[in-house]
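Student: One predicted model, sequence on top.
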Amino acid sequence: MIRPQPESSTKRGQTLLPLSLVAVLLSTSACGDGTRRLPSINGAGASFPAPAYQRWAGDYKESKGYLVNYQSVGSGQGVRSFLAGSVDFGATDEQLSDEEFKAGMASQRGAVQIPMLGGTISPAYNNPDCPDLKLTQTQLADIFLGKIKNWSELGCPARTLVAVHRSDGAGTTFNFTNSLACFSPEWKSKVGVGKAVNWPVGLGARGNEGVAGLIQNTPGSIGYVNQAFLRGVVKPAALQNKAGQFVLANSESGAAAANNIKLDERLGGEDCNPDGAQSFPIVAFTWILAFQSGQGKDKAEAVRTFLTWALEEGPQQQAAGLGFVPLTGDVLERARAEVAKIKD
């Protein structure tokens with residue numbers, strides 16, 4: 001007599017496993033190292049902090065095993081992608097407006113604006129015949145107004161001066177033109193402030209990378225870049241600050257200026273010409289934009305975990321080595337509290 005198999009051991013020709021073994025396999029498949037695996041996350045935006053964000057992504061993968069992809073496409077595109085919900089986080093060098101907080105996915109999911117680093121925006125030039133260039137605030141504005149056309153007008157050997165600027169919408173441009181508007185009433189009335197403006201003169205290039213590359217390949221040129229892009233023949237010019245001192249862009253002068261910027265309740269804030277004898281006059285925070293909800297538990301945890309890690313002392317000091325101003329004190333604590341608002 002053939003006895004039927006117990007129902008618990010077979011089902012539709014498939015052998016059932018003991019419940020205890022199923023539990024072990026589910027645990028192992030979910031997290032081979034005993035912890036739940038987090039999904040990769042994608043961000044896009046400002047080119048200003050790109051060297052830090054891309055370095056962080058590599059180190060984060062090495063230390064934590066999780067993937068972060070960051071595309072340096074400029075603040076304007078970063079904000080648009082964030083509002084469209086096509087990225088997990090955006091990045092911008094210009095704080096969001098009230099209208100942007102109420103637009104697109106920022107309105108539906110809620111948005112947090114997290115300062116990640118500070119940075120200086122330095123005049124950058126390529127002219128070996130003019131070492132140790134010093135510029136007044138008026139001279140800097142006059143260069144981009146097209147009023148200064150030859151290096152001889154800056155006390156250097158005669159040579160045609162070529163101005164270089166961003167061709168894309170950029171938070172770097174917003175902060176640079178915001179300072180020029182403080183330095184020069186003529187700039188304010190004729191050109192104004194924005195992520196993109198109608199430049200009176202000069203050659204354009206995309207991103208801090210593109211501007212630095214164009215300066216490098218154009219002897220006699222001068223433009224503006226985050227200090228992290230100053231290298232080789234792309235030299236910094238000392239710029240006169242509000243106190244009348246000529247200072248170079250570096251972590252110390254950037255920190256002195258950043259400490260004079262007051263942030264609002266959304267952690268936005270700017271100062272077009274900060275006080276302080278040691279302050280570099282063009283300095284800004286750069287922000288990451290993230291959703292408070294609506295992206296799912298795993299994605300929210302992945303974004304929150306990465307940003308929490310990036311605000312630790314190690315990554316912040318690593319960014320300082322790349323030419324950025326690390327967050328400290330009250331700003332750092334407020335940034336960490338904002339990250340904690342990211343939910344599922």
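Tutor: Structure's in. What do you need? Numbers count the residues shown, from 1 in each chain.

Student: Look up the closest residue to G213, ignoring the ones flanking it.
Tutor: A205 (6.8 Å; CB to CB, 6 or more residues apart in numbering). All C-beta spots, glycine's among them, are computed from the backbone N, C-alpha and C.

Student: what's the pLDDT at that neighbour?
Tutor: A205 carries a pLDDT value of 97.

Student: again with A170
Tutor: At A170, pLDDT is 87.

Student: now the residue nearest to G213: how far from A124?
Tutor: 12 Å (CB to CB, to the nearest Å).

Student: list the residues that contact both of the two?
Tutor: Common neighbours of A205 and A124, using CB atoms under 8 Å, 6 or more residues apart in numbering, are V211.

Student: Between these two, which is the more surrounded one?
Tutor: A124 (27 against 21; other CB atoms under 10 Å).

Student: in what helix or strand does the more buried one lie?
Tutor: strand 111-126 (DSSP states H and E).

Student: Tell me the helices and strands packed up against that strand.
Tutor: helix 171-183, helix 207-216, strand 221-226, strand 235-236, helix 251-258, strand 283-291, helix 297-310, helix 329-339 (3 or more CB pairs under 8 Å, 6 or more residues apart in numbering; DSSP states H and E).

Student: Run a quick neighbour tally on the nearest residue to R109 once chain neighbours are set aside.
Tutor: Closest residue to R109 in three dimensions, ignoring its sequence neighbours and counting by CB to CB, 6+ apart: G294, at 3.7 Å. Applying other CB under 10 Å, we find 14 other residues in the vicinity of G294.

Student: So G294 is in contact with S107, correct?
Tutor: No. When contacts are counted by CB atoms under 8 Å, G294 is not listed as touching S107 (10.8 Å).

Student: hang on, the earlier thing: mean confidence (pLDDT) on the strand holding A124, please.
Tutor: Here the average pLDDT along strand 111-126 is 96.

Student: now swap in stretch 265-282 and tell me
Tutor: Averaged across stretch 265-282, pLDDT comes to 95.

Student: so how far does that stretch reach from one end to the other?
Tutor: Counting by CA to CA, to the nearest Å, you get 23 Å between the two ends of stretch 265-282.

Student: cool, and stretch 278-298?
Tutor: End-to-end for stretch 278-298, by CA to CA: 45 Å.

Student: again, but for stretch 39-52
Tutor: Note: stretch 39-52 ends 21 Å apart using CA to CA.

Student: Give the buried residues for that stretch.
Tutor: Going by neighbour count (16 or more other CB atoms under 10 Å), the buried part of stretch 39-52 is 41, 43-52.

Student: burial count for N217?
Tutor: N217: 11 neighbours (other CB under 10 Å).

Student: G268 too?
Tutor: G268 has 16 nearby residues by other CB under 10 Å.

Student: quick one: the closest residue to it other than its chain neighbours and L332, what's the gap?
Tutor: Counting by CB to CB, 6+ apart, the nearest residue to G268 once its immediate chain neighbours are dropped is Q95, at 3.2 Å. Q95 is 18 Å from L332, where distance means CB to CB.

Student: which one of the two has more residues nearby?
Tutor: The neighbour comparison of Q95 against L332 (other CB under 10 Å) goes to Q95, with 22 against 16.

Student: Pretty sure that one sits against R266.
Tutor: Yes. Counting by CB under 8 Å, R266 is a contact partner of Q95 at 7.4 Å.

Student: So for the two, which residues contact both of them?
Tutor: Shared contacts of Q95 and R266, counting by CB under 8 Å, 6+ apart, come down to Q113.

Student: count of residues packed around the nearest residue to D129 once chain neighbours are set aside?
Tutor: In space, and not counting its chain neighbours, D129 is closest to P157: 4.7 Å by CB to CB, 6+ apart. As a burial measure, P157 scores 10 neighbours (other CB under 10 Å).

Student: Would you list the phi and psi of A277?
Tutor: phi -60, psi -30 (degrees, to the nearest 10).

Student: Nearest residue to it in space, please, no chain neighbours.
Tutor: Per CB to CB, 6+ apart, closest to A277 is A243, 4.4 Å.
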